[in-house]
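Q: give the three-dimensional model of this entry:
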Amino acid sequence: MKKKIIISLLLLFGIASYAQKVPLRIMEGLSIESKILNQEVKYSIILPEDYYTSKTKKYPVVYLLHGLGDDESSWLEYGRVNQFADSATKSGEIVPMIFVMPQGFRTYYVNDFAGKFLYEYMFTKELIPFIDKQYRTIADKEHRATMGYSMGGFGALILPLKNPDLFTISVPLSISVRTDDQYETERADEWNEQWGRLFGGVGKSGEERITEYYKQHSPFHIFAQKNLTKYINLKLYIDNGDDEQTLAKSNERLHILLRDRNFPHEFRVRNGGHEFSYWREALPNGLKFISDAFEKKPYRGDALANEFIVTSSSTYNKMVQHDAYTVLLPEEYSQTNRSYPVVYFLGDFDEEIQGAIANYIESAIGIGDFPTSILIFLKGDNADLLNNAFLEVEQEYRIRKGYRFRSLIGLHDAGKNALELASVPEKFTSCVVIDSNINFDALQLATENNRNIFSRTWLYIMITDNSSNYHSNGDTHILLREKDIYHEYRVQESVIEKNYWLNSLPEILDFTQRKIHR
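A: Numbers count the residues shown, from 1 in each chain. The predicted structure is shown next:
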């Protein structure tokens, strides 16, 4: 028995000794003593896998900033950042980099107006020098990036704006920021607790809240400055979910301001809201953006969830040609007397694209991913012609009665007409608008006159971040969020390809079929 105990103790001692010899690469619960804050500030860190074997190699640094109510371990635990980063580094998608996750408290990563908690000074005058001294970093602004979510998204943007000599790369996610009018109308208790204490407006209301100190920390006021030369090197990638509440407006307005000022940036709106599942999905593209910037390369572009490749298809030859429209009937159409849902496509779809779309939908029908339907490609964008075509189609073919079985997909200029047609109550079950110059004034008036205008019609609006239609689409998204009208909204990467939107066809069709067969 004694021999077994001795052997066990030796094994435990051996394991403990081995553990002490293995240098730690992923660490939490570390801290620095801040003289500026007069207290301890915790941080977590992730070192590259080759950090201890490379000996003298230096690495770029990403400061990962957490949201309100979270802490220095949140990116590790909920963000799973080491899993994404290690995998991307091993595959060569990103360069090795150091990740630092500091404790942010409730500071929004700025100095408070009263001067009682000078967090920004701690960050820039103590934390960064400490990290550069303690670890083998490339200690210059071209190799120092910020990335954060919510409150950390604000920090990820404001720190480079306030300190362009320290940072040149910023990836803010779901930025917790407000427009002036949002600040002016926010509830007093929320304002005082969250913003007034930071910007010097405690107890104030309306325009009084827009203090000079606030303006110095507002991205809207900073980017509205006449001269933006000091930010010429800033590489910026903003990402925000379409299910956000207050932040839907503020992030969209920030994008519109940046477009108005011709300030280069990437802007994405994806499916989701204010949660870690959304921010985790932002990591692959965000890290690639940072990595390319570290290497002084143009951004390579987002990874595609789906890549739609147009190939030659015989499906177009099976379509029935009419003067005003082209029809694809289900293969079983002549073998049954049943009626079918119909999906109308409005816009300039050439023969090749019509065939590719029809072929894809036929395949989806074949495996049960889409309801057996009639497809109609309408020609032209004249409203009277479209209405006549609708009447003719529904008299000619067996289309199931009721709005639940009619869907619209409008491309470019025809998208505006599609949205106007869909605004007729109980005429269409869903409407997709792709990069169209939406008639926002008419839409706003229609929603004011009839609050239930889209109560039974789902909307899906898609655009690229460099589209000339950014104003009308952004305003539409804000309006629909404020009116609590259900819709999906996407802002994609701008690409040169004419039919870029086809990569979103699977998601568009899934949206369409979910409403038909809800």
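
Q: quick one: residues contacting E186.
A: The neighbourhood of E186, defined by CB atoms under 8 Å, 6 or more residues apart in numbering, consists of 178, 195. Bear in mind the C-beta positions are built from the backbone N, C-alpha and C, glycine included.

Q: which residues in the stretch 51-200 of the chain form helices?
A: Per DSSP state H, counting those that start in this stretch, the stretch 51-200 of the chain carries helices over the ranges 51-54, 74-77, 81-90, 119-121, 128-134, 151-162, 180-185, 188-190, 197-199.

Q: likewise the stretch 401-518 of the chain?
A: Using DSSP H, counting those that start in this stretch, helices in the stretch 401-518 of the chain cover 413-422, 440-449, 470-482, 505-516.

Q: out of those helices, the one nearest D350 is which?
A: With CB to CB, the closest approach to D350 among the helices of the stretch 401-518 of the chain belongs to helix 413-422: 13.8 Å.

Q: give me the pLDDT for L24.
A: Note on L24: pLDDT of 96.

Q: quickly note the distance from it to S31.
A: L24 sits 15 Å away from S31, going by CB to CB, to the nearest Å.

Q: so for these two, which sits in the more crowded spot?
A: Between L24 and S31, counted using other CB atoms under 10 Å, the more crowded position is S31 (13 against 10).

Q: touching, that one and V41? I think so.
A: Yes - using CB atoms under 8 Å, S31 is in contact with V41, at 6.3 Å.

Q: where does the stretch 101-250 of the chain dip in pLDDT?
A: Judged against pLDDT under 70, the stretch 101-250 of the chain has no low-scoring part.

Q: now do the domain split for the protein, please.
A: If you go by automatic domain parsing, the domain ranges for the chain are 29-177+218-294, 315-516.

Q: which stretch among the ones you listed comes nearest E184?
A: domain 29-177+218-294 (12.4 Å).

Q: look up phi and psi at Y344.
A: phi -100, psi 130 (degrees, to the nearest 10).

Q: number of residues surrounding it?
A: Neighbour count of Y344, defined by other CB under 10 Å: 23.

Q: returning to that earlier point: can you flag the weakest of the domains of the chain by average pLDDT?
A: Among the domains of the chain, domain 315-516 carries the lowest mean pLDDT, a mean of 92.

Q: how far out from the middle of the chain is that domain?
A: Computed by CA atoms, centre = their mean, to the nearest Å, the chain-centroid distance of domain 315-516 equals 23 Å.

Q: stretch 182-194 now?
A: Distance of stretch 182-194 from the chain centroid (CA atoms, centre = their mean) equals 26 Å.

Q: please save the CA atoms from that stretch in CSV.
A: Once non-C-alpha atoms are left out, stretch 182-194 reads as follows in CSV (Å, rounded to 0.1, in the frame of the first residue of the first chain):
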residue,chain,number,x,y,z
GLN,A,182,-31.3,59.7,-29.7
TYR,A,183,-29.3,61.1,-26.9
GLU,A,184,-31.7,64.1,-26.6
THR,A,185,-34.7,61.9,-26.2
GLU,A,186,-33.3,59.0,-24.1
ARG,A,187,-35.0,58.4,-20.7
ALA,A,188,-33.5,60.4,-17.9
ASP,A,189,-32.5,57.5,-15.8
GLU,A,190,-30.8,55.7,-18.7
TRP,A,191,-29.1,58.9,-19.8
ASN,A,192,-27.7,59.8,-16.4
GLU,A,193,-26.5,56.3,-15.7
GLN,A,194,-24.9,55.4,-19.0
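
Q: circling back to that earlier point, and the helices of the stretch 51-200 of the chain: which comes nearest D465?
A: Of those, the one closest to D465 (CB to CB) turns out to be helix 151-162, at 16.3 Å.

Q: give me the contacts around the closest one.
A: By CB under 8 Å, 6+ apart, helix 151-162 touches 63-68, 104, 106, 108-110, 120, 123-124, 146-148, 166-177, 217, 219, 222, 231, 234, 236, 238.

Q: just the buried subset of these, please.
A: 63-67, 104, 108-110, 120, 123-124, 146-148, 166-177, 217, 219, 222, 231, 234, 236, 238 (16 or more other CB atoms under 10 Å).

Q: ok, and the closest non-adjacent residue to M97?
A: Leaving aside its chain neighbours, M97 sits nearest to P60 (4.9 Å; criterion: CB to CB, 6 or more residues apart in numbering).

Q: actually Y360, not the one I typed
A: Excluding the flanking residues, the one nearest Y360 by CB to CB, 6+ apart is L505, at 6.5 Å.

Q: my guess is D165 meets D140, correct?
A: No - assessed by CB under 8 Å, D165 is found out of contact with D140, at 9.7 Å.

Q: ok, V61 to P48 distance?
A: 11 Å.

Q: need the overlap of contacts for those two.
A: 97-98.

Q: okay, those two: which has more neighbours?
A: V61 (23 against 20).

Q: residue contacts, that one?
A: Counting by CB under 8 Å, 6+ apart, V61 makes contact with 97-100, 131, 135, 137-138, 143-145.

Q: rerun at 10 Å
A: 45, 97-100, 128, 131-132, 135, 137-139, 143-146, 167, 294 (CB atoms under 10 Å, 6 or more residues apart in numbering).

Q: same question for N359.
A: 310-316, 318, 328.

Q: any residues in contact with both of S31 and V41?
A: With CB under 10 Å, 6+ apart, S31 and V41 have common neighbours 72, 102-103.

Q: compare these and tell me which is most surrounded.
A: P102 (28 neighbours).

Q: quick one: that one from F130, how far?
A: For P102, the distance to F130 - CB to CB - is 10 Å.

Q: what is in contact with those two at once?
A: Common neighbours of P102 and F130 (CB under 10 Å, 6+ apart) are 32, 41, 43.

Q: for those residues, give me a markdown table that also has secondary structure, neighbour count and distance to E493.
A: Below are those laid out as a markdown table (DSSP: H, G, I helix; E, B strand; the rest coil; neighbours: other CB atoms under 10 Å; distance: CB to CB, whole Å):
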| residue | secondary structure | neighbour count | distance to E493 |
| --- | --- | --- | --- |
| I32 | strand | 18 | 38 |
| V41 | strand | 22 | 37 |
| Y43 | strand | 20 | 33 |
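
Q: can you redo those as TSV with distance to A358?
A: TSV is the format used below for the shared contacts of P102 and F130 (distance: CB to CB, whole Å):
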residue	distance to A358
I32	62
V41	60
Y43	56
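
Q: and stretch 215-224, how far from the chain's centre?
A: Counting by CA atoms, centre = their mean, stretch 215-224 comes out at 22 Å from the chain centroid.

Q: for it, which residues meet the burial criterion?
A: For stretch 215-224, by 16+ other CB under 10 Å, it's 217-220, 222-223.

Q: ok, stretch 87-102 next?
A: Quick answer for stretch 87-102 (16+ other CB under 10 Å): 88-89, 93-102.

Q: alright, calling it a day.
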